[in-house]
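> Got a predicted model here, sequence first, then my questions.
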Amino acid sequence: MAAPRTCPRCGGSVQKSAVRCEHCGAPAKSPVATLWIALALAAIILIAAFAVWKWIAPQTGKPRPGKKAEGRVAVEIEPVAGKPALEVPGVMNVRYRDLGTQVEIGISAEAMPILYADVDGDGVVSAEGNDLSYAVYPNGSMCVQRLGSADSAQCGDAPTSASVRLNRESGGWNVVWTIPKRELSTKGDHADIAFQIFRESDQRGSFYPDRPFVQVCRLLFSKTPSTLVSQTATPPAPAPIAAPGGQPPPQFAQPPKREEGKQARPAVDERLRAEEKARQDREAAREQELERQRQEFAALKTQQEQQQQQIDEARRKLADEQAQREREAQAQRDRERKARDEAPPRVFRPDPVPPGAPKSEPAAYSGPSSGEIVWDGNIKGTELITIENGQASSGTISGGLPGVLCLLQPADPKRVSIASTPAPYNQYKRMVFRVSGNGRMRVVIKWSLP
């Protein structure tokens, strides 16, 4: 038998199969059904909380203020007057104005900002070079490149009508680009861009919101760009009403009310004066910056000229010293050559017998009393040639030593000198001469008995 249930209203016992309480008539609900209802309510509450969170999170997310878009668009930037259109705390502020056929993008950053434009809007860096990058050097010159392979990217390879203003600030750089819309995008209502903050100190950069073009910031073009209202604007005339007979009535211009004109004229004049003054201030600031850059360039050019003069002076002194050393060396060589030419021929006598060498009596000599030795060989610089027992250390010889005590005299004492003469310790069969020159040489040494 099924266990009875408890009535939630009166607390009485109710059969499990009963639909209502027998005592009070209240519906008899099962605890399991109550649990299911509670779970269903909890699930509904969780789903509602998740939906609310998904709606609030993009509105309060940092550092990307603005409307969250779908896909790869991280943020949509609309023209804002008087305040930044995009803020990345501690990194950069972006100001954006729609000028009609052009846009003005001002970037204040701690390092040099670079602007990337996904011109064809395909979400990737086009290999055909359709996408562009806009950068500026610290001297104010632009560098507009076609994105693609790194080998082909060069400054100025993409024609541009953009202009840039660059100012150095205490916290970094302020760059203001004025770029035609047709350069930034082939779309008519927006342009997809990305930023890079490039640091000269470590030659690195950080991309925002991501590297091109994984995620982009979408510039929304204004459908009705802000323009100045003419002071003499005339309200449109009402549509003509046909007169009887089919002829339109004559048209009369409706002049503006005098009181309204008096009230509008000072406001328009004041705005025109303010804008003209702001433009003149910008022009003056730009002229001052250009003048400062010209002065810096002139000072740098003067410094480079002075350094070049110092380098030329040092080179001239070095050349003079080198020429002086060469002249002194040539004079020394001339003096040595002259001394050798004027010196009388030397006759080389036999080397003395070293102490302790055994004395041997030479055998009786019955040969000629004089003769000559002719040596033929290749010489490079100065070399020592040894002749012993009728053989030369290099080259070939004809003739030889007599084998007894003799005197030696070279035929060309300018190039040939005797380094060692025949002696008893070598049995009068060895001699050494020194020869100087280059190439093939023939040396003649005459000998005679003392």
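Structure received. Numbers count the residues shown, from 1 in each chain.
> only C-alpha atoms for contact and neighbour calcs from this point on.
Will do.
> where do the helices sit along the stretch 151-300 of the chain?
If DSSP state H, counting those that start in this stretch is used as the criterion, the helices of the stretch 151-300 of the chain fall at 181-184, 258-342.
> Mind telling me which of these the model trusts least?
Among those, helix 258-342 has the lowest mean pLDDT, at a mean of 86.
> quick one on the thing from earlier: got a markdown table for the helices of the stretch 151-300 of the chain, with mean neighbour count and distance to Glu76 too?
Below are the helices of the stretch 151-300 of the chain laid out as a markdown table (neighbours: other Cα atoms under 10 Å; distance: least, Cα to Cα, whole Å):
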| stretch | mean neighbour count | distance to Glu76 |
| --- | --- | --- |
| helix 181-184 | 20 | 15 |
| helix 258-342 | 12 | 28 |
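> quick one: low-confidence ranges for the stretch 301-450 of the chain?
345-363 (pLDDT under 70).
> now the strands for it?
For the stretch 301-450 of the chain, the strands defined by DSSP state E, counting those that start in this stretch cover 370-388, 391-392, 396-398, 407-410, 416-420, 430-448.
> how about low-confidence regions in the stretch 1-150 of the chain?
Ranges of the stretch 1-150 of the chain meeting pLDDT under 70: 1-5, 8-9, 11-12, 14-19, 22, 25-33, 56-70, 149-150.
> winner for burial among the strands of the stretch 301-450 of the chain?
strand 407-410 (a mean of 21; mean count of other Cα atoms under 10 Å).
> Could you list every helix and strand in contact with that one?
strand 416-420, strand 430-448 (3 or more Cα pairs under 8 Å, 6 or more residues apart in numbering; DSSP states H and E).
> In JSON lines, list the strands of the stretch 301-450 of the chain along with distance to Leu99.
Below are the strands of the stretch 301-450 of the chain laid out as JSON lines (distance: least, Cα to Cα, whole Å):
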{"stretch": "strand 370-388", "distance to Leu99": "85"}
{"stretch": "strand 391-392", "distance to Leu99": "100"}
{"stretch": "strand 396-398", "distance to Leu99": "99"}
{"stretch": "strand 407-410", "distance to Leu99": "102"}
{"stretch": "strand 416-420", "distance to Leu99": "96"}
{"stretch": "strand 430-448", "distance to Leu99": "85"}
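> Let me see the contact set for the most centrally placed residue in the chain.
Geometric centre of the chain, nearest residue: Gln203, 7.1 Å, by Cα atoms, centre = their mean. The contact partners of Gln203, by Cα atoms under 8 Å, 6 or more residues apart in numbering, come to none.
> and if you look at Pro212?
Taking Cα under 8 Å, 6+ apart, one finds Tyr116, Asp118, Gly123, Val124, Val125, Ala194 in contact with Pro212.
> ok, back up a step: go through the helices and strands packed on strand 407-410 and name the closest to Leu401.
strand 430-448 (7.8 Å; Cα to Cα).
> orientation of the closest one relative to strand 416-420 in degrees?
120 degrees (axes from the mean of the first three to the mean of the last three Cα atoms, to 10 degrees).
> could I get strand 430-448 in CSV with only the CA atoms?
The C-alpha coordinates for strand 430-448 follow below in CSV (Å, rounded to 0.1, in the frame of the first residue of the first chain):
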residue,chain,number,x,y,z
ARG,A,430,133.5,24.7,-48.2
MET,A,431,132.4,28.3,-48.6
VAL,A,432,129.2,30.4,-48.1
PHE,A,433,128.3,33.6,-50.0
ARG,A,434,125.3,35.9,-49.7
VAL,A,435,123.4,37.1,-52.8
SER,A,436,120.6,39.7,-53.1
GLY,A,437,118.1,40.0,-56.0
ASN,A,438,115.0,38.7,-57.6
GLY,A,439,114.7,36.1,-60.4
ARG,A,440,117.3,34.3,-62.3
MET,A,441,120.9,35.3,-61.4
ARG,A,442,124.5,34.4,-62.4
VAL,A,443,127.2,34.8,-59.7
VAL,A,444,130.9,34.8,-60.5
ILE,A,445,133.4,34.4,-57.6
LYS,A,446,137.2,34.5,-58.4
TRP,A,447,139.7,32.8,-56.3
SER,A,448,143.5,33.1,-56.1
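> Sounds good, over and out.
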